[in-house]
Each structure stands twice: as structure tokens, then as C-alpha cells.
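Asker: Quick one: sequence plus predicted model below, questions after.
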Amino acid sequence: MFSLKDYFNALSGKARAQFAQRAGIPLPTIQRHYIYKTRIPRLNRMRAMADAAGVPATEMAEFFLQPRTD
């Protein structure tokens, strides 16, 4: 299963900024809300992050719909 948190943490600082730019989402928003699942993004943002990460949108949705484990 895809984990946005693992994917994002494996990126360098520059690659994180590029990911955020490709997704069209501010980097602080991704870091604060989406990596730790404090908020579930709207469908268009989920799709944008999935496209930016190169994974199917269904895998991104599964990541957000799984219970938090931290």
C-alpha cells in the first residue's frame, strides 16, 4: 500500500518542493495536514498529489482513508 508519509519523507528538500509545485499545493499544507492525516484533502487535491507522486488516485485515497497509526 502507498504511504504518502513514507514517500514524502524519502524525498530531499528540493524534491519535496518540486512535488508540492507539481501538485499545486503549498508545501506547508502538505507537511502540516496531509502527511500526518490531520485533514483529508478534497478529491481534486488527492488526484493532484497522486499524479505528482506517480501513483493511482485510488492508492492515494486509501492512504487517507486508513486509520492513523501514530
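Answerer: That came through fine. Residues are numbered from 1 along each chain as shown.

Asker: what about this structure, any weak spots by pLDDT?
Answerer: Within the chain, the segments meeting pLDDT under 70 span 70.

Asker: Please name the residues that touch the residue nearest the centre of it.
Answerer: Closest residue to the average C-alpha location of the chain: Leu4 at 4.6 Å, with CA atoms, centre = their mean. Contacts of Leu4 were listed using CB atoms under 8 Å, 6 or more residues apart in numbering, and they are Tyr34, Ile35, Met49, Ala53, Met60, Phe63, Phe64. Any C-beta I mention is one placed from the backbone N, CA and C, and that applies to glycine too.

Asker: For Lys37, which non-adjacent residue is closest in space?
Answerer: Excluding the flanking residues, the one nearest Lys37 by CB to CB, 6 or more residues apart in numbering is Arg68, at 5.3 Å.

Asker: what's the answer for Leu65, then?
Answerer: Closest residue to Leu65 apart from its sequence neighbours, by CB to CB, 6+ apart: Ile40 at 7.7 Å.

Asker: So what's the residue count around the one you found?
Answerer: Each residue near Ile40 was counted by other CB atoms under 10 Å, and the total is 14.
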